[in-house]
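In: I would like to see how this sequence folds:
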Amino acid sequence: MRKLIKGKRKGKIVGQVRKPRVTWKDNPWILQLLDDPSLSADLNYIADDLVARASGVAWGKGLCVACKGGKFLCGKTRCPLVVRLKSYFRTFPLIRGTDVDGASPPGVFVGRIGYPYVYAGPLVPPVHEDTSLYDLPELWFGKSIDEIVGFRSLLVRGKHRVHVKKFEEAGKIMDRTRELALSVGPVDVELALKNKPRRSFVLDDEVQPFGPSAVIRDLSVSTSRWDHQIEKAYGDTDLKAAEAVTTLYEKDVLVTKIQRAFSVGAFGLKNGRRLVPTRWSITAVDSIISKDMIEKIKAFPEVNEYRVYESHYLDNRFEVLVMPRAWSYEAMEAWYPGTVWNPSGECVVMFSDWEGFDGRTTYADVGGCYYAARLAVGELLVKERRQASVVVLRGAHPGYIMPVGVWQVRENVRNAMRQRPLKYNTLEEALARIASRFQIPLERWVEKSRLLQDALFQRRITEYLKG
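Out: Next comes the predicted model:
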C-alpha cells in the first residue's frame with residue numbers, strides 16, 4: 001500500500017514512499033538495544049508485544065542502523081528511540097494481561113486516521129495516585145523531555161471505533177469516555193481490552209510519544225465530579241461551539257480542559273455536535289481564543305516602544321519582538337541541522353507565516369504552533385490593553401530530540417511574556433539583541449519575514465505628515 005507523504009507545513013505532495021510493516025527481526029540492532037542492561041535489566045520483555053514502524057527514512061539501512069543509538073549520526077544530542085525505550089521499560093511491569101485499572105488524569109484521545117470513522121477512548125495509566133499532571137501541559141513547563149515522555153508513555157489508550165457525527169449513538173463506551181473528558185480531576189477507571197496493549201515505536205519525528213494501545217471490550221468509570229463551567233456549556237444546546245470556548249476561557253478554565261471537552265463533542269448546537277480529532281481540537285481552540293482576543297486588541301492604543309521578550313526551554317529558544325504599530329502577527333521558525341524537521345541538513349531551515357490587521361482566511365503554513373504562539377501573545381496584549389505588531393522567532397536546536405506537542409510553543413511563549421521585557425527606542429537596537437541570541441545572520445530572518453521587511457523598509461503615512 002502506498003501512502004502520500006505531504007511536505008512539512010506546506011500541504012504539498014512532495015513524493016510517495018512505501019511504508020512497510022517493519023519488525024524487530026528486520027533490524028537486529030534494535031534487539032541488541034533492547035538487551036542493553038542499562039535499558040532492560042531484570043525485565044523479561046516479549047518482543048512480540050512491541051511493534052516497530054518505519055516512516056520516511058529507511059532506518060533499517062540508513063543512519064539508525066549505523067548509529068545503534070549511540071553515535072548520534074543524525075545530529076541530535078540524544079537518541080529519541082533510546083529515551084522512549086527507557087520510558088517503556090519503566091512502564092512495562094505495570095501492564096499485565098488485558099485489564100488496566102488506574103486513575104485517569106482525566107485523559108481522552110480521539111484519533112484522525114480513517115476520518116469520519118475514528119478511534120476514540122480514554123487514557124488510563126495503570127496506577128492509582130494523583131495523575132492529574134499526566135495530561136495537563138500547563139503544568140509541564142520546566143519538566144525534562146524524559147519526564148514528559150514518561151507521563152505520556154504511562155497512559156494506556158483504549159480505542160473504540162465511532163463515526164464522528166454519530167458518537168451519541170455509539171453506546172456506553174463513548175458515553176463514559178465523554179463523562180471522563182468533562183471531569184474536573186482524576187477518575188478511577190477499569191479498562192477491559194480485547195487484546196494485550198501493544199507498544200508501537202514509530203521512528204518518525206512527526207509522531208509524539210505515546211503509550212500502548214488496544215481496542216476496548218468494556219469500560220467502567222467511577223463516579224466523577226464534572227467541571228461546573230464545562231458542564232454548563234455542555235448542557236446549553238443553543239450555544240455555539242466557538243462561543244462556548246471563549247466563554248470558558250474568560251472564566252479561567254484551562255485551555256487543555258477546553259480542548260479535551262471540544263474534542264469529545266461537548267459544545268455546539270444540538271444537531272451540530274461531533275467528535276473532533278485531538279490534534280485538530282488543540283489547534284481549533286487556540287485559534288478560536290486568539291481570534292477573539294485579536295478583535296479586542298485592535299481597539300487598544302499601540303505600545304510606545306520596541307520590546308523583546310525571551311524564553312528558552314527544551315532546547316527551543318524564543319525571541320518575541322513587539323513593535324509600536326497596528327496589530328499584525330508573524331511566526332517564524334528556524335530548525336537547526338539534526339532537529340525534527342531538518343534531520344540531515346547542513347544548514348538552518350526556516351519557515352514562516354503572517355497575518356495583517358484584517359487577519360487570515362487560510363490555515364497557517366507553520367501549523368498549530370502558529371496559533372499556540374498567537375494565543376500566548378494575545379494574552380499579554382489584552383492584559384495591558386495595547387495593540388502591536390508582533391513577530392515570534394523560534395530557534396529549534398538538536399537538544400529538542402522529538403516533538404512533544406504544540407503546548408511546548410504555547411507555554412514557552414507564555415513564559416517569555418511573563419518576563420520583564422527588554423525595551424528599545426529603535427527597531428535596529430531590538431533586532432541587534434535578537435540576532436545575538438541566534439547563530440543566524442539577521443539578514444536571513446529579514447529575508448524570510450514579511451513584517452520585518454515592512455517595518456524596516458516601508459514608510460508610514462505618519463512619517464510624511466511629520467515631514
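In: only C-alpha atoms for contact and neighbour calcs from this point on.
Out: Fine.
In: neighbours of His160, just the number please.
Out: Using other C-alpha atoms under 10 Å, His160 is surrounded by 20 other residues.
In: what about it, distance to Ala214?
Out: Counting by C-alpha to C-alpha, to the nearest Å, the gap between His160 and Ala214 amounts to 9 Å.
In: please apply the same query to Ser104.
Out: Distance from Ser104 to Ala214, by C-alpha to C-alpha: 16 Å.
In: the two: which is more packed in?
Out: More neighbours surround Ser104 than the other of Ser104 and Ala214, with 32 against 19 (other C-alpha under 10 Å).
In: what's the closest non-adjacent residue to the more buried one?
Out: Excluding the flanking residues, the one nearest Ser104 by C-alpha to C-alpha, 6 or more residues apart in numbering is Val124, at 4.7 Å.
In: do the same with Ser87
Out: Using C-alpha to C-alpha, 6+ apart, the nearest residue to Ser87 is Gly150, at 5.4 Å.
In: same question, Ile297
Out: Residue nearest to Ile297 in three dimensions, not counting chain neighbours: Gln387, with 5.3 Å by C-alpha to C-alpha, 6+ apart.
In: identify the bridge partners of that neighbour.
Out: Counting by DSSP bridges, Gln387 is bridged to Glu302.
In: give the contact list for it.
Out: Contacts of Gln387 were listed using C-alpha atoms under 8 Å, 6 or more residues apart in numbering, and they are 297-303, 324-327, 381.
In: distance of the residue nearest to Ser87 from Gln408?
Out: Taken as C-alpha to C-alpha, the span from Gly150 to Gln408 is 16 Å.
In: likewise Tyr370?
Out: Distance from Tyr370 to Gln408, counting by C-alpha to C-alpha: 12 Å.
In: who has more neighbours, those two?
Out: It is Tyr370, of Tyr370 and Gln408, that has more neighbours when counted by other C-alpha under 10 Å, with 27 against 21.
In: so the more buried one is in which element?
Out: Counting by DSSP states H and E, the element that carries Tyr370 is helix 368-384.
In: before we move on, back to that, and whichever strand or helix holds the residue nearest to Ser87, average pLDDT?
Out: Element membership for Gly150 (DSSP H and E) is helix 145-153. Model confidence over helix 145-153 averages 89 on the pLDDT scale.
In: output the contacting helices and strands for that helix.
Out: helix 80-91 (3 or more C-alpha pairs under 8 Å, 6 or more residues apart in numbering; DSSP states H and E).
In: partner strands of whatever helix or strand comes next after the helix it packs on, parallel or antiparallel?
Out: Reading on from helix 80-91 to the C-terminus, the next helix or strand found by DSSP H and E is strand 99-104. The pairing partners recorded for strand 99-104 under DSSP bridges are strand 187-193 (antiparallel).
In: mind giving me the domain split of the protein?
Out: Domain segmentation of the chain under automatic domain parsing yields 2-93, 299-466.
In: and those domains, which one's lowest on average pLDDT?
Out: domain 2-93 - the lowest mean pLDDT of those, at a mean of 53.
In: possible to save the contacts of Gln387 as JSON lines with distance to Pro137 and neighbour count?
Out: Shown next, in JSON lines, are the contacts of Gln387 (distance: C-alpha to C-alpha, whole Å; neighbours: other C-alpha atoms under 10 Å):
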{"residue": "Ile297", "distance to Pro137": "26", "neighbour count": "23"}
{"residue": "Lys298", "distance to Pro137": "29", "neighbour count": "19"}
{"residue": "Ala299", "distance to Pro137": "31", "neighbour count": "13"}
{"residue": "Phe300", "distance to Pro137": "31", "neighbour count": "17"}
{"residue": "Pro301", "distance to Pro137": "33", "neighbour count": "14"}
{"residue": "Glu302", "distance to Pro137": "32", "neighbour count": "19"}
{"residue": "Val303", "distance to Pro137": "31", "neighbour count": "19"}
{"residue": "Pro324", "distance to Pro137": "32", "neighbour count": "19"}
{"residue": "Arg325", "distance to Pro137": "32", "neighbour count": "18"}
{"residue": "Ala326", "distance to Pro137": "32", "neighbour count": "20"}
{"residue": "Trp327", "distance to Pro137": "28", "neighbour count": "23"}
{"residue": "Leu381", "distance to Pro137": "23", "neighbour count": "21"}
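In: list just the nearest of the residues you listed to Pro186.
Out: Distance to Pro186 across the contacts of Gln387 (C-alpha to C-alpha) is lowest for Leu381, with 33.9 Å.
In: any idea how far that closest one is from Phe318?
Out: 18 Å.
In: same thing with Val391?
Out: Taking C-alpha to C-alpha, one finds Val391 at 10 Å from Phe318.
In: count the residues that sit near the residue nearest to Ser87.
Out: Gly150: 22 neighbours (other C-alpha under 10 Å).
In: hmm, it is touching Leu85, no?
Out: No - the criterion here is C-alpha atoms under 8 Å, and Gly150 misses it with Leu85 at 10.2 Å.
In: pull the number of nearby residues for Ala388.
Out: Neighbours of Ala388 (other C-alpha under 10 Å): 25.
In: nope, Glu138 is what I was after
Out: Residues near Glu138, counting by other C-alpha under 10 Å, number 14.
In: got a pLDDT number for it?
Out: With respect to pLDDT, Glu138 has a value of 96.
In: got the contact list for the helix holding Tyr370?
Out: Around helix 368-384, the neighbours that count as contacts under C-alpha under 8 Å, 6+ apart are 282-283, 286-287, 289-290, 293-294, 296-297, 329, 331, 353, 364, 387-388, 390, 392, 406-407, 409-411, 413-414, 417.
In: just the buried residues from those residues, in PyMOL please.
Out: Those of those that count as buried under 16 or more other C-alpha atoms under 10 Å are selected in PyMOL with:
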select buried, resi 282+283+286+287+289+290+293+294+297+329+331+353+364+387+388+390+392+406+407+409+410+411+413+414+417
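In: which ones among the contacts of helix 368-384 map onto helices?
Out: Among these, DSSP state H puts 282-283, 286-287, 289-290, 293-294, 296-297, 407, 409-411, 413-414, 417 in helices.
In: so Val162: helix, strand or coil?
Out: When classified by DSSP: H, G, I helix; E, B strand; the rest coil, Val162 comes out as strand.
In: wouldn't it be in contact with Gly114 here?
Out: No - in this structure, Val162 is not within contact of Gly114 by C-alpha under 8 Å, at 10.3 Å.
In: no more questions from me, cheers.
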